[in-house]
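>>> Below: sequence and its predicted model.
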Amino acid sequence: MHAILGVMARPNRTHVRRLSRLEVGLIAVAFLTVAAILSPLSLQGPEPARAATSGERGPTTAALTGLATVSDGDGLRLNGERVRLQGIDAFELNQTCESGPCGRDAKTALERQVAGRHIACEPVDTDRYGRTIAYCFVDGVDLGEQMVLQGHALAFRRYSTEYVDEETTARRNRAGAWAGAFEDPADWRRAHPRK
């Protein structure tokens with residue numbers, strides 16, 4: 001009738017039910033659960049390209065396990081076998097850098113990481129010196145990756161591009177030897193051959 005008289009009719013209001021505190025709480029918990037599941041994935045970014053080519057690695061597929069001793073920044077002795085960490089080139093034991101005794105620092109850093117812990121290594125090759133080349137892990141953490149991230153080793157591009165991103169991060173953060181100038185370990189070895 002109002003429409004006939006030229007008066008606008010009030011819009012029909014739909015009834016909106018307020019959510020109870022319990023319903024609001026359940027929605028909040030569901031939202032936080034989804035956010036917790038997704039946030040580590042978004043913080044990590046895309047999986048590095050090396051995972052696609054090398055497949056899943058970790059201690060579950062390891063052929064060498066046990067307690068290890070450290071010989072230098074990229075070398076271990078595990079169950080009597082000499083092991084060199086795949087994809088990295090640590091500063092040589094007697095090498096010094098602008099930041100200090102980077103070779104000894106590299107050995108000390110690796111010793112801290114393995115200190116009495118169970119090591120699991122996945123062999124990938126044997127080098128010309130008869131050492132097993134392997135990815136090694138402590139509690140699921142890749143030792144080679146950590147050595148590069150901490151600035152105690154470089155990505156060994158001659159044999160692998162495995163840890164190039166980690167090296168870029170270490171350089172940007174001025175970690176370890178990146179705090180000053182240094183000679184590439186391969187160049188240092190050529191200038192200081194073993195006697």
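Perfect, thanks for sending it.
>>> so where do the helices sit in this structure?
21-44, 49-54, 102-114, 143-149, 164-173, 185-191 (DSSP state H).
>>> weakest of those helices by average pLDDT?
Here the lowest mean pLDDT among the helices of the chain goes to helix 49-54, at a mean of 35.
>>> show me what contacts the closest residue to E81 other than its chain neighbours?
Excluding the flanking residues, the one nearest E81 by Cβ to Cβ, 6 or more residues apart in numbering is T132, at 5.7 Å. C-beta here means a position set from N, CA and C on the backbone, and glycine is covered the same way. T132 makes contact with 64, 81-84, 121, 123, 125-126, according to Cβ atoms under 8 Å, 6 or more residues apart in numbering.
>>> and if we set it to 6 Å?
Applying Cβ atoms under 6 Å, 6 or more residues apart in numbering, we find T132 in contact with 81, 83, 123, 126.
>>> so what pLDDT did the last one get?
The predicted local confidence for T126 comes out at a pLDDT of 93.
>>> Count residues in the vicinity of the residue nearest to T96 when sequence neighbours are not counted, would you?
Nearest non-adjacent residue to T96, counting by Cβ to Cβ, 6+ apart: C102, 6.5 Å away. Counted with other Cβ atoms under 10 Å, residues neighbouring C102 total 29.
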